[in-house]
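S.K.: Quick one: sequence plus predicted model below, questions after.
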Amino acid sequence: MEKRSGYITVYLALTLGILISLITTMLYGIRVHTIRFETECSMDMGLDSIFAEYNREMLSRYGLLFIDSSYGGSVPSADYTKSQLLYYMNLNFDHKGAGVFSKDLTGLNADNAFLEGVSYASDNSGEVLRYQIVQYIKSKYGVGVADDMLNNMVDMDSLLGKYDSYARQREEAEEKVRSIVDDANSKKDKDDDPVTISNPADSVDKLSSSNALYFALGDKTNLNMNAINLNSYISKRGYTNGAGLRSTQTKADGLVSKAIIEKYIFNKCGYYDHERAGSALNYQIEYIIKGQDSDLKNLEKIAEDIFKTRYVINMAYLMTDTAKQAEAEVIATIAACLLLLPELIDAIKLTILFAWGYVESAKDLRMLFAGNNLPIVKNSGNWNTPLYQLIGYRRYLDDYKVAGGELSYETYLAGFLALENTDKMTMRLCDIMEMDIRQTPGNGNFMMDGQIYQLTAEVNVSSKYGYGCNIRRFYTYE
């Protein structure tokens, strides 16, 4: 009986030990599971919190979401973002009075955070910015948003390329006139009066940026022309380059993506006669195209390029209009015959035609900058310059009839944008964003290479009960 009682005691002791072991293991498992669960929840909430700290001005002005890693300071740094993540996680762990899930049970603390794969807006010449822009525009306007831009694109490159050919022909004609006149003078006695020619084409000056802007605007002095120090903006200064896009994210390259970005630029940036309030430069799209440090210089260069395209269009018409060629030939014949130099006729005729096209182009600029559309092809019905207006042509620049046409000022800007290198265009857009955001309260040192789009975070979490774990997450605004 005593022996059996001893067996029972041993059995009970073993059973109790097993139960205690099972309970201990179960409690350990529960605690570890609780720690893991709470850590994952805290990590998600912490990441949600730092991604909720997007720059409000970027969203308001440009419709884009980025964490500003400067947090209003002078220098952006992912270290600040890492500190914010730890702060929010520990804030989540500190839930005293929450019953069984209180800090007394888990005693958790986020000790260290490591950020990698951090993507900034400006990475790889703005590929991350382009990526979010394409997502934004497609969500706002639909996937076919680029169709209008592509269908209405004018080949400005071809027109600009032909300008040099016409300019050379004009110079060759002028040189031929000079050569014939010089040759005639070389055969005269030194006491004879030199040969001089009265050519109406001589009153037409050479093209320059300042001339083109005068043709466009006249004597307007009320335009507000701003200037900037380019060296303080991202396209000119050194900048941080992060991880860029992930391999699973499609880069916004190619004609369709570029057209979408151009659509975005026209949505968000100002230009001549469509300026945006609160902008460092009034003519932002002109800056994106030309990259000069003042509104004046950018507008001058745009006007010069538009003039060149108009000159090509006007000369293409003049070279096929027999009536206008006959008019020019009459004047050339009179000038040559007065000098008894009939060999001058063809050369003078050409100089007159080139001068005529020049004055018509100047008048086109004046019309365009007054808000009128221009035709892509000239004919006798929409030609605005009679031949007599070559002499003193500047006083006739406002003498025109509006025939309308396919080409607006915006069409020209879109055509010039299409010629720009995509990377260069994007980085100049980054400049514009920096210029404007820096003018808003608390953003005086705003930098596009401090704007975080996505990241991978790993956090080490420990418990005062001796447990711990590592949690890793990828987060993005996508």
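M.R.: Yep, that arrived. Note that the coordinates shown come from a computational prediction; the quantities given were computed from them, not determined experimentally.
S.K.: What distance do you get for the residue lying closest to Ile306 once chain neighbours are set aside to Glu406?
M.R.: Once flanking residues are discounted, Ile306 sits nearest to Tyr412: 5.4 Å by Cβ to Cβ, 6 or more residues apart in numbering. Quick note: C-beta positions are derived from backbone N, CA and C, even for glycine. Tyr412 sits 11 Å away from Glu406, going by Cβ to Cβ, to the nearest Å.
S.K.: what does Gly442 give?
M.R.: 45 Å.
S.K.: Work out for me the element Tyr71 sits within.
M.R.: Using DSSP states H and E, Tyr71 sits within no helix or strand.
S.K.: Now the phi/psi pair for the nearest residue to it once chain neighbours are set aside, please.
M.R.: Leaving aside its chain neighbours, Tyr71 sits nearest to Tyr80 (5.3 Å; criterion: Cβ to Cβ, 6+ apart). Main-chain torsions, Tyr80, degrees, to the nearest 10: phi -70, psi -40.
S.K.: For Tyr80, list the residues it contacts.
M.R.: 69-71, 73 (Cβ atoms under 8 Å, 6 or more residues apart in numbering).
S.K.: again, but for Ile302
M.R.: By Cβ under 8 Å, 6+ apart, the residues touching Ile302 are 272, 283, 286, 289-290, 412-413, 416.
S.K.: three-state assignment of the residue nearest the centre of the chain?
M.R.: In the chain, the centroid-proximal residue (Cα atoms, centre = their mean) is Leu429; its distance is 3.1 Å. Classification of Leu429 using DSSP: H, G, I helix; E, B strand; the rest coil returns helix.
S.K.: Mean confidence (pLDDT) on the host helix or strand of Arg36, please.
M.R.: Using DSSP H and E, Arg36 sits within helix 2-51. Helix 2-51 carries an average pLDDT of 64.
S.K.: Stretch 225-233 too?
M.R.: On average, stretch 225-233 scores 95.
S.K.: First-to-last residue distance for it?
M.R.: Chord length of stretch 225-233, first to last residue, is 19 Å (Cα to Cα, to the nearest Å).
S.K.: List of residues touching that stretch?
M.R.: In contact with stretch 225-233 (Cβ under 8 Å, 6+ apart) are residues 236-237, 280-282, 291, 293-296, 299, 430-431, 434-435.
S.K.: From the residues you listed, keep the buried residues only.
M.R.: Neighbour-count burial (16 or more other Cβ atoms under 10 Å) applied to the contacts of stretch 225-233 gives 280-282, 291, 293-296, 299, 430-431, 434-435.
S.K.: Now Tyr163: closest residue in space, sequence neighbours ignored.
M.R.: Spatial nearest neighbour of Tyr163, chain neighbours left out: Lys308 (4.0 Å); criterion: Cβ to Cβ, 6+ apart.
S.K.: residues touching that neighbour, list them.
M.R.: Contacts of Lys308 (Cβ under 8 Å, 6+ apart): 159-160, 163, 207.
S.K.: Tell me, please, where in this structure the pLDDT is lower than the cut-off.
M.R.: 1-35, 95-106, 148-152, 221 (pLDDT under 70).
S.K.: where along it do the strands fall?
M.R.: 67-68, 108-120, 451-463, 468-476 (DSSP state E).
S.K.: neighbouring contacts of the last one?
M.R.: By that I understand strand 468-476. 35-36, 39-40, 43-44, 47, 51, 117, 119, 453-462.
S.K.: Note down every partner strand of that strand and its orientation.
M.R.: If you go by DSSP bridges, strand 468-476 pairs up with strand 451-463 (antiparallel).
S.K.: The partner strand: which residues count as buried?
M.R.: 451-457, 459-463.
S.K.: one step back: which of the contacts of Ile302 sits closest to Gly244?
M.R.: Closest approach between the contacts of Ile302 and Gly244, by Cβ to Cβ: Ile289, at 25.6 Å.
S.K.: For that closest one, which residues are in contact?
M.R.: Neighbouring residues of Ile289 by Cβ under 8 Å, 6+ apart: 298, 302, 413, 416-417, 420.
S.K.: Helices - which of those residues land there?
M.R.: Applying DSSP state H to the contacts of Ile289, the entries found in helices are 298, 302, 413, 416-417.
S.K.: Could you list which of the contacts of Lys308 belong to helices?
M.R.: Using DSSP H, the members of the contacts of Lys308 that fall within helices are 159-160, 163.
S.K.: Most neighbours of all the contacts of Tyr80, which one?
M.R.: Compared across those, Ser69 has the highest neighbour count, 28 neighbours, by other Cβ atoms under 10 Å.
S.K.: quick one: the closest residue to it other than its chain neighbours from Val128, how far?
M.R.: Among residues not flanking Ser69 along the chain, Pro76 sits closest, at 4.2 Å (Cβ to Cβ, 6+ apart). Using Cβ to Cβ, Pro76 is found at 14 Å from Val128.
S.K.: Compare these two (neighbour count), which wins?
M.R.: The residue with more neighbours, out of Pro76 and Val128, is Val128; 28 against 23, by other Cβ under 10 Å.
S.K.: From what I see, that one and Leu245 are in contact.
M.R.: Yes. Shown here, Val128 and Leu245 form a contact pair, counting by Cβ atoms under 8 Å, at 6.2 Å.
S.K.: can you list residues touching both of those two?
M.R.: Residues touching both Val128 and Leu245 by Cβ under 8 Å, 6+ apart: Ser119.
S.K.: Give me the buried subset of the ones in helices among the contacts of Ile289.
M.R.: 298, 302, 413, 416-417.
S.K.: Tell me the one of these nearest Gly392?
M.R.: Taking Cβ to Cβ as the measure, Gly392 lies nearest Ile302 of those, at 26.8 Å.
S.K.: ok, now how distant is the closest one from Leu217?
M.R.: 12 Å.
S.K.: ok, now Gly72?
M.R.: 40 Å.
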